[in-house]
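**Q** the following block contains a protein sequence and its predicted model.
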Amino acid sequence: MNSRYSHGGDEHIFVEVDEEMSLEAFFKSLSMTKAVRAANIEGVTEICPANASYQIKFNPDIIHPDDMMKELKRLELQTVDAEPVLDTRIVEVPVFYQDPWTHETLLRFRDRHQTPEASDLEYAASINGYETVEAFIGAHSGAPWFVSMVGFVAGLPFLYQMLDRDRQIQVPKYLRPRTDTPKLSIGFGGSFTSIYSVRGAGGYQLFGITPMPIFDPEQEIPYLENFMVYFKPGDIVKFRSIDREEYDEITAEVQAGRFVPRSKNVVFSLKEFEADIDGTNAKLMEALYAN
Amino acid sequence: MPINVISSGISTTVQDMGRPGYYHLGIPIGGAMDRLALRAANLLVGNAEDAAGLEAVFLGPELEFTEDAIVAVCGAHLPPKVDGELRAPWTSFKVNAGQILSFDFLQGGARAYIAISGGINTPKALGSRSTYAAGALGGINGRAIQPGDELPLGVGSSVKEGREVPENLRRGPGDPAEIRVLPGLYWHRITEAAQVDFFESTWQVANEADRMGYRFQGGKKLEFVDRVPPFGAGSDPSNITDACYPYGSIQVPSGTEPIVLHRDAVSGGGYFMLGTVISADMDLIGQLQPNGKAQFVKVDMETALMARRDRLGQLNQIRQIME
């Protein structure tokens, strides 16, 4: 992987770690942005990791864009040998798949979809070789996912599944984006799943909805009191399929201010993961569900 | 004592210089689209340059004052009126308690900045009063102002009416607007012919032109260099593995209609970008009207930095006059 550096006008530097998505590229992007943060370069105002790239915004009155780029290249050389290990957390996100609200929405936008006659889940299951929607939901809520980027809109996580490519789900985005998506919908596009933090436009396939808020600008929800955005790059997520009854229960708990996401701190090593994907994921599940 | 909103215009929002530092979480910097105009208006009324004012798009609001204040309107030519009597733009004027500030029809530009002595004193969200509607942050309950709203004011300093920004220090887009662009990012994804076409085409501002971004149409469709789609990018030749979007970056989904991201940018996504509008010309985009003509002009980094210094020089001259 040779990083490609480019100026984004006079105020940004954009670094493409790799054209392709991979956990390796994501780790490199994340460790580079950590190194930039630690270096505390005067004039830097934004440090944004993405899936397989990252971006820095800075004040060119303080540091010349060419000097900024040199500094980033120097930091990249320093981080080459860094062990890809991450102190992070694993979080369970309950998902009501095939819920009535995303279903109503996807029906409204059938003319923008690849298969107007099938639902988004039926389409995704079929092109990924699953015989039933239930089996496909089992795969989506099976192996855990990495939050590889937060953005597009406030607090929206992009998640990349922690599996070898052959077993990863891939689904194209809608042919033309929708103008509406319910808040907290679970979406899917390319090799990424996402949780729509706010209501709005969107082009990802719609699979379900979570009762667990992830963005609260009012900061009234107890677990979002300290900061209004729940997810950050590097978080690990495990989806759990729930039914309508449990969805309603959790919604009531959230409204009463009693809901707390299930979450455990874990250390993730990319090398261990690559040596034994299923074993590493099994250990993550043990950590998440241990008491 | 607050200002009472009688009518709100099309979309009038509280804006200051924005909230840097949260773009990695999808929360954009926001703030005045035409930064120089808000700074000038604040200086005219004796406010800190980064105080919060109102950004009115195309149509002005109607505001009832409950205390005496000094007001200035800069940016788009949206003529201010006090109790129906016209006042000069880019000039400070007095509004007494009980008087109504309203506006005549737009005569040029797109966004007028209304600064009021003391500044608008709504609560800050993440360090800024700027309204970011998509995330329901800042302003009045995270939205544009509405009739019946009360806008709280801070404490003003004692400045005089009749202070003016001279004409040569005011700035607006020409016709066609010339928007300078530094090529880069995924510039290599389009063919050499397309690289020429992009800068030779005259573009027209589309109806989708807001605080998030400006869409342009009417230019030649851009052709892409052939490739095998990278894993994770998507099958369209304009797709990339979802990445961050610089402010001012120009994405061209499917090669047809360029979108320049502005202050309320989406922070990332899966479309290639061919370059970035230089920081000195971002203000101009906020003053473009739908159907207006625009020409993108290719520049290098040194030109971009020189233009930035020119803008700073212009602001410094305004600062000196206001001292």
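**A** Sure thing, it's come through.

**Q** B:Asn168 belongs to a helix?
**A** Yes - the assignment for B:Asn168 by DSSP: H, G, I helix; E, B strand; the rest coil puts it in a helix.

**Q** which residues sit in contact with it?
**A** By C-beta atoms under 8 Å, 6 or more residues apart in numbering or on different chains, the contact set of B:Asn168 is empty. Where C-beta positions appear, they are placed from N, C-alpha and C, glycine not excepted.

**Q** which residues touch the longest helix seen in chain B?
**A** Across chain B, the longest stretch assigned as helix under DSSP state H is helix B:301-322. The contact list for helix B:301-322 (C-beta under 8 Å, 6+ apart) reads A:7, A:9-10, A:60-61, A:64-66, B:36, B:39-40, B:43-44, B:163, B:165-166, B:169, B:171, B:180, B:182, B:278-281, B:283, B:299.

**Q** try 6 Å this time
**A** Contacts to helix B:301-322, defined as C-beta atoms under 6 Å, 6 or more residues apart in numbering or on different chains, come from residues A:10, B:40, B:43, B:165, B:169, B:182, B:278-280.

**Q** kindly report the same for stretch A:50-66.
**A** Applying C-beta under 6 Å, 6+ apart, the set of residues contacting stretch A:50-66 is A:7, A:10-18, A:21, A:25-26, A:29, A:32-33, A:42-48, A:68, A:148-149, B:241-244, B:268.

**Q** how far away is B:Gly218 from B:Ala206?
**A** 9 Å (C-beta to C-beta, to the nearest Å).

**Q** count of residues packed around A:Met285?
**A** Using other C-beta atoms under 10 Å in any protein chain shown, the number of residues around A:Met285 comes to 15.

**Q** is it correct that it falls within a helix?
**A** Yes - using three-state DSSP, the assignment for A:Met285 is a helix.

**Q** can you list the residues of the stretch 51-200 of chain A near chain B?
**A** For the stretch 51-200 of chain A, the residues in contact with chain B (C-beta under 6 Å from any C-beta of the partner chain) are A:51-53, A:55, A:150-156, A:190-191.

**Q** out of those residues, who's the most crowded?
**A** Going by other C-beta under 10 Å, A:Asn51 tops those with 32 neighbours.

**Q** and that one, how far from B:Gly255?
**A** A:Asn51 is 23 Å from B:Gly255, by C-beta to C-beta.

**Q** the stretch 101-250 of chain A: helices as residue ranges?
**A** A:120-127, A:133-140, A:244-255 (DSSP state H, counting those that start in this stretch).

**Q** most tightly surrounded among these?
**A** Among the helices of the stretch 101-250 of chain A, helix A:120-127 has the highest mean neighbour count (mean count of other C-beta atoms under 10 Å in any protein chain shown), at a mean of 21.

**Q** now the residue of chain A found nearest chain B. Nearest residue, chain neighbours left out?
**A** Nearest to chain B in chain A, going by C-beta to the nearest C-beta, is A:Met21, at a distance of 2.7 Å. For A:Met21, ignoring the flanking residues on the chain, the nearest one in space by C-beta to C-beta, 6 or more residues apart in numbering or on different chains is B:Gly232 at 2.7 Å.

**Q** quick one on the thing from earlier: and the furthest pair within the residues of the stretch 51-200 of chain A next to chain B?
**A** Farthest pair in those (C-beta to C-beta) is A:Ala154 and A:Ser191. Separation: 23.2 Å.

**Q** residue contacts, the closest residue to chain A within the stretch 51-200 of chain B?
**A** Closest residue of the stretch 51-200 of chain B to chain A, C-beta to the nearest C-beta: B:Gly135 (3.7 Å). B:Gly135 is in contact with A:154, A:217, B:27, counting by C-beta under 6 Å, 6+ apart.
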